[in-house]
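# for reference, the sequence and a predicted model appear below.
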Amino acid sequence: MLAAFLGAWQLAVSGTGATQAMDPEYAALMGQTATTGASAMPGPARIGARLLELLSDPFYDRGPNDKGIGIQLGWSLLRVLAGFGLAVLVAVPLGFLIGTSPLFRRALDPFIQILKPISPLAWMPLALYTIKDSGQSAIFVIFICAVWPMLLNTTFGVA
């Protein structure tokens, strides 16, 4: 089934049909595929070639907006580890404190119950607006995703 799907996909995008006469400005905006009649959607062969090209040199650095997939993956993993590490630093000691002290549990439980159900996606615009850095905002959102389950599980485990 996979081979049939990929073959049909390749056949569907490889045909070149007749192109309509179009305004040169519109053709320039639409790109070369609009003027040649080729499909704008790449086929499996084109995707495979591009994948091999990207994986052949995963750590290239050609400026601030052109980095290899290995460098991008490394930075993403660093952000995930930073957000999760900060959540551990906050949630585990606070969970121990809440789990051992009924006073702290009663004091902090209303705040936890209000902040816990807020979607992490709702925090992203606020983080981008206040922090003004997408990398640090991503770390904050990962922190928010990890802190509540870790805090509650630590609290219940200690209690």
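Yep, it's here.
# show me which helix runs longest in this structure.
helix 69-100 (DSSP state H).
# just give the closest residue to Leu151, not the sequence neighbours.
The spatial neighbour of Leu151 that comes closest, neighbours along the chain excluded (Cβ to Cβ, 6 or more residues apart in numbering), is Ala91 at 4.1 Å. Using the backbone N, CA and C atoms, a C-beta is placed for each residue, glycine as well.
# look up how far Ile47 lies from that neighbour.
41 Å (Cβ to Cβ, to the nearest Å).
# swap in Arg105?
From Arg105 over to Ile47 (counting by Cβ to Cβ), the distance is 54 Å.
# mind exporting stretch 115-125 as PDB, just the C-alpha atoms?
Taking C-alpha atoms only, stretch 115-125 is exported to PDB below (Å, rounded to 0.1, in the frame of the first residue of the first chain):
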ATOM      1  CA  LEU A 115      -2.700  28.200  37.100                       C
ATOM      2  CA  LYS A 116      -2.600  24.400  36.300                       C
ATOM      3  CA  PRO A 117      -5.500  24.300  33.800                       C
ATOM      4  CA  ILE A 118      -4.200  27.200  31.700                       C
ATOM      5  CA  SER A 119      -3.100  25.800  28.300                       C
ATOM      6  CA  PRO A 120       0.700  26.200  27.600                       C
ATOM      7  CA  LEU A 121      -0.300  27.600  24.300                       C
ATOM      8  CA  ALA A 122      -2.000  30.400  26.100                       C
ATOM      9  CA  TRP A 123       1.300  31.300  27.900                       C
ATOM     10  CA  MET A 124       3.200  31.600  24.600                       C
ATOM     11  CA  PRO A 125       1.900  35.000  23.500                       C
END
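# mean confidence score for it?
Averaging pLDDT along stretch 115-125 yields 90.
# over to stretch 9-27?
Stretch 9-27 comes out at a mean pLDDT of 72.
# just the endpoints, please. Distance across that stretch?
25 Å (Cα to Cα, to the nearest Å).
# list the helices and strands the longest helix of the chain packs on?
Under the contact definition 3 or more Cβ pairs under 8 Å, 6 or more residues apart in numbering; DSSP states H and E, helix 69-100 sits against helix 102-115, helix 134-158.
# right, so the ones you listed: which one is the most enclosed?
helix 134-158 (a mean of 18; mean count of other Cβ atoms under 10 Å).
# chain center to that helix, what's the gap?
17 Å (Cα atoms, centre = their mean, to the nearest Å).
# then stretch 129-139?
The answer for stretch 129-139 is 14 Å, by Cα atoms, centre = their mean.
# avg pLDDT for it?
In the prediction, stretch 129-139 has an average pLDDT of 93.
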